[in-house]
Structures are given as C-alpha cells and as structure tokens.
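Undergrad: generate coordinates for the sequence data below:
(one chain, ligands or ions: 1)
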Amino acid sequence: MSIDDELQATITRIVHAGRGILAADESLPTIAKRFAAVGVESTAENRRAYRSMLFTAPGTEAFISGVILFEETLAQRAADGRPLPDVLQHAGIVPGIKVDQGKIPLPGAPGDEVTQGLDGLGARLRTYRGLGARFAKWREVYTIGARNPTPLGITANAEVLARYAATCLAEGLVPIVEPEVLIDGDHSMERCEEVTLEVLHAVYDALHRHRVRLEHTLLKPSMVLPGKAHSSKAAPEAVAAATLRVLKRAVPAAVPGVNFLSGGQGPEEATANLNALNVAWPHAPWALSFSYGRALQEPVLKAWAGKPENVADAQRAFHRRARLNGLARQGAYQARMEREP
Ligand code: 13P
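TA: Numbers count the residues shown, from 1 in each chain. Sure, this is the predicted structure:
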C-alpha cells in the first residue's frame with residue numbers, strides 16, 4: 001500500500017459513522033492532577049492499570065474509533081501481556097499518539113504561548129509508527145484576554161501546527177491539528193467566536209502554504225462558548241450555531257472530520273453540544289464528532305478510584321459516555337437518556 005492509501009485507510013477507520021476519539025494522552029502532570037482528584041497516586045503501574053481498563057472496556061469499539069495515547073502508554077502492556085496498542089488494534093480501534101512536548105511563553109507576544117517538539121519530530125514519528133501509532137495529535141493553545149491572542153501568537157502557532165502536520169504526512173501518520181481556544185476567562189461568546197475564526201483562518205492558511213493535503217488531516221477545535229467566568233451559559237443550539245458559523249467560514253470542505261475537544265465542559269454539556277451541532281447540520285461536509293478527554297473520563301475516574309474491584313463499574317461508566325457521545329455524533333441523543341440506566 002502507498003503512504004497515501006494508508007493515510008486514507010486510517011482516515012476511513014477514524015471517521016466512522018457513530019464513532020469518535022478518546023483522548024487518553026494526559027501528560028504526567030495532568031494525569032497526576034486527574035488521579036489526585038479521586039485519591040489515586042500517579043505511578044506508572046496505576047497509569048497502566050487505568051488505561052488498560054479503558055482500552056479493554058467491552059463493547060466500546062462500537063463508539064470509539066481511535067484513542068490518543070501518551071508516549072509512555074505505547075510501550076505498556078495489558079494484564080494478559082499484550083502491548084496496549086495491539087489491544088486497541090485487535091478491537092478495531094486505531095492507536096494514535098500525542099507528539100507535542102508542551103508549551104512555553106512565546107517571546108515577543110506577552111500572554112501568548114507556543115508548543116515545542118518540532119526538532120527531531122520525523123525520527124520520533126518513525127519510532128511511534130513502529131510501535132503501532134497511525135495518527136498523531138499536536139495541541140496549540142490560545143488564551144483570550146484583552147490583548148490576547150496577539151496577531152504574532154496566531155501566526156506563530158499556525159506555522160508550528162502546519163510544520164507538524166506536513167511532517168506527519170511525510171511519515172505516514174494522520175495529523176490531528178488541535179488549536180484550542182481556552183475556555184478560561186470572563187469573555188463573551190461573541191469574543192470567542194471572533195478569536196476562533198481568526199485562529200482557524202491562520203491555521204488553514206499555514207496548512208495551505210506548507211502543502212498539507214487536507215484530505216488526510218483531522219481538525220480538533222474547541223467549540224464556541226462563553227468564558228467559564230462569564231455571567232451566562234449558552235444553550236446547545238446557540239453553541240452549535242456560533243460554532244458552525246466559524247467552521248463554515250474557515251474550514252475547507254476537503255477536511256474529512258472535525259473532532260471537538262471538551263475543554264472544560266461537563267460530560268453532559270459536551271454531549272448535548274455535540275448533538276446540537278449534528279442536529280443543526282446533519283449533512284455537514286466534515287464529520288462532526290468528538291475527541292474528548294475529560295468529558296469521557298470524569299465519571300470513569302470517579303467510578304474506578306484506583307480499586308481493582310471497581311473495574312467493571314468503571315468500564316460500564318465509560319461505555320455509557322461513549323455510547324451517548326456516539327449517539328450525539330449522529331444527532332440522536334436526548335437529555336432524558338442521562339436518567340436512563
Ligand atoms: P479535553 O476533552 O479534556 O479538553 O481533552 C482533549 C485533549 O486532548 C486536549 O488536548
């Protein structure tokens with residue numbers, strides 16, 4: 001198979017009707033925070049046990065088409081000795097890998113940040129591919145403030161995302177391009193819409209300049225929402241309308257899939273918003289799906305709490321959230337389902 005055929009095959013598997021992505025790629029400091037919230041120490045063994053519990057949850061492959069892994073997880077094994085990427089492959093789920101190396105302040109743009117990890121990226125991608133990864137993820141973040149993001153922050157971050165995406169395609173991995181406009185702050189929904197539009201325009205301009213074949217990429221954006229500290233919350237229909245306005249203006253129809261991040265929305269909120277997007281535009285040119293971390297895992301972590309005797313309950317909690325998001329991806333979710341067993 002040519003590299004292009006392989007990339008296409010990966011895309012086809014990920015962008016499957018009724019399915020989305022589980023983001024289980026929390027870095028060491030982030031997973032330590034998530035574990036601490038449920039009283040679990042972040043050791044390599046606890047991380048292995050937790051993630052292998054997620055990946056072996058019976059039946060979730062009907063709703064989960066891909067999982068984003070943290071580097072450490074690629075080399076870890078399930079209780080039966082199988083490498084975790086093989087466990088996923090065997091269940092028909094595509095293993096992916098987070099390849100950015102965290103963010104630093106962007107010099108010349110006070111308040112903005114930029115993500116590191118481009119040096120040596122091609123060699124790392126070859127190693128990850130050898131361990132089973134078929135797609136990658138790179139996240140840039142944009143904080144909304146009175147002067148942020150700056151024009152320099154927007155162009156510098158777009159340039160980095162484009163170089164990352166071009167390198168992935170050269171190495172046969174599907175790049176997930178993730179520009180996250182953060183929910184933190186008291187900004188209005190209108191301000192979030194304006195910033196998200198600027199960010200996405202810059203990203204697709206840079207991807208074009210770097211000759212990235214959009215057909216073999218996925219976008220992982222944030223939804224258009226009011227800031228967390230803003231006085232009002234937005235109804236799912238309003239979130240869907242604003243988010244679709246931005247996507248229509250900035251994201252070419254050649255992009256096969258848009259897999260939203262949850263970005264601090266609660267689990268039910270993230271599901272309801274995804275559902276509203278699919279109800280508002282059932283035949284959108286891009287599949288409108290999820291790539292949730294917290295919104296899929298919050299109830300699972302609570303149910304698990306680090307105890308082997310809770311594994312079955314935790315797997316049921318994961319199956320439930322995965323199923324509801326699978327329905328939302330088709331516009332078939334209803335809030336009353338949250339109260340059903
Ligand atoms: P959240 O859904 O928790 O925002 O995580 C998605 C992700 O991968 C962030 O990089």
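Undergrad: how about the residues of the stretch 101-250 of the chain that lie near the ligand?
TA: Residues of the stretch 101-250 of the chain lying near the ligand by Cβ under 6 Å from any ligand atom: Arg139, Glu178. Glycine gets a C-beta too; all of them are placed from N, C-alpha and C.
Undergrad: can we see that at 8 Å?
TA: Lys137, Arg139, Glu178, Glu180, Lys220, Ser222 (Cβ under 8 Å from any ligand atom).
Undergrad: how about those, which pair is most distant?
TA: Greatest spacing in these, by Cβ to Cβ: Lys137 and Ser222 (14.2 Å).
Undergrad: quick one: which of these two has more around it?
TA: Just comparing Lys137 and Ser222: by other Cβ atoms under 10 Å the higher neighbour count belongs to Lys137, 28 against 24.
Undergrad: helices of this structure, residue ranges please.
TA: Along the chain, the segments classed as helices by DSSP state H run 3-14, 28-36, 44-55, 71-74, 84-90, 121-130, 151-170, 189-209, 236-250, 267-280, 294-304, 311-328.
Undergrad: give me the contact list for the last one.
TA: Around helix 311-328, the neighbours that count as contacts under Cβ atoms under 8 Å, 6 or more residues apart in numbering are 18-20, 22, 53-54, 56-60, 62-64, 267, 270-272, 274-275, 278, 290, 292, 295-297, 299-304, 333, 337-338.
Undergrad: the residues you listed also near the ligand: which ones?
TA: Taking Cβ under 8 Å from any ligand atom as the test, the ligand is in contact with Ala270, Tyr292, Ala295, Leu296, Gln297 out of the contacts of helix 311-328.
Undergrad: most surrounded residue in the residues you listed?
TA: Most surrounded of these: other Cβ under 10 Å gives Leu296, at 29 neighbours.
Undergrad: related to what we said a few turns ago, looking at the ones next to the ligand among the contacts of helix 311-328, spot the one nearest His208.
TA: The nearest member of these to His208, counting by Cβ to Cβ, is Tyr292 at 28.5 Å.
Undergrad: give me the residue from the stretch 201-341 of the chain nearest the ligand.
TA: As assessed by Cβ to the nearest ligand atom, the ligand sits closest to Gly293 within the stretch 201-341 of the chain, at 2.8 Å.
Undergrad: tell me the contacts of that residue?
TA: Contacts of Gly293 (Cβ under 8 Å, 6+ apart): Leu22, Ala23, Ala24, Asp25, Glu26, Leu261, Ser262.
Undergrad: using CSV, lay out those residues together with neighbour count and pLDDT.
TA: Putting the contacts of Gly293 into CSV (neighbours: other Cβ atoms under 10 Å; pLDDT from 0 to 100) gives the following:
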residue, neighbour count, pLDDT
Leu22, 30, 98
Ala23, 29, 98
Ala24, 22, 98
Asp25, 24, 98
Glu26, 22, 97
Leu261, 25, 98
Ser262, 26, 98
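Undergrad: restricted to strands, list those.
TA: Among the contacts of Gly293, the members found in strands (DSSP state E) are Leu22, Ala23, Ala24.
Undergrad: next one: Ala165 from the ligand, what distance?
TA: Going from Ala165 to the ligand by Cβ to the nearest ligand atom, to the nearest Å gives 16 Å.
Undergrad: let me know the pLDDT of the nearest residue in space to that residue that is not next to it in sequence.
TA: Closest residue to Ala165 apart from its sequence neighbours, by Cβ to Cβ, 6 or more residues apart in numbering: Pro175 at 4.0 Å. Looking at Pro175, its pLDDT is 99.
Undergrad: is Pro175 bridged to anything, and to what?
TA: Ala136 (DSSP bridges).
Undergrad: what is the burial count for it?
TA: Neighbours around Pro175, by other Cβ under 10 Å: 28.
Undergrad: that one contacts Leu214, doesn't it?
TA: No: Pro175 is not in contact with Leu214 according to Cβ atoms under 8 Å; the separation is 10.3 Å.
Undergrad: still on that earlier bit, could the ones next to the ligand among the contacts of helix 311-328 go into JSON lines alongside pLDDT and distance to Ala250?
TA: As requested, these are exported to JSON lines (pLDDT from 0 to 100; distance: Cβ to Cβ, whole Å):
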{"residue": "Ala270", "pLDDT": "98", "distance to Ala250": "22"}
{"residue": "Tyr292", "pLDDT": "98", "distance to Ala250": "22"}
{"residue": "Ala295", "pLDDT": "98", "distance to Ala250": "24"}
{"residue": "Leu296", "pLDDT": "98", "distance to Ala250": "26"}
{"residue": "Gln297", "pLDDT": "98", "distance to Ala250": "29"}
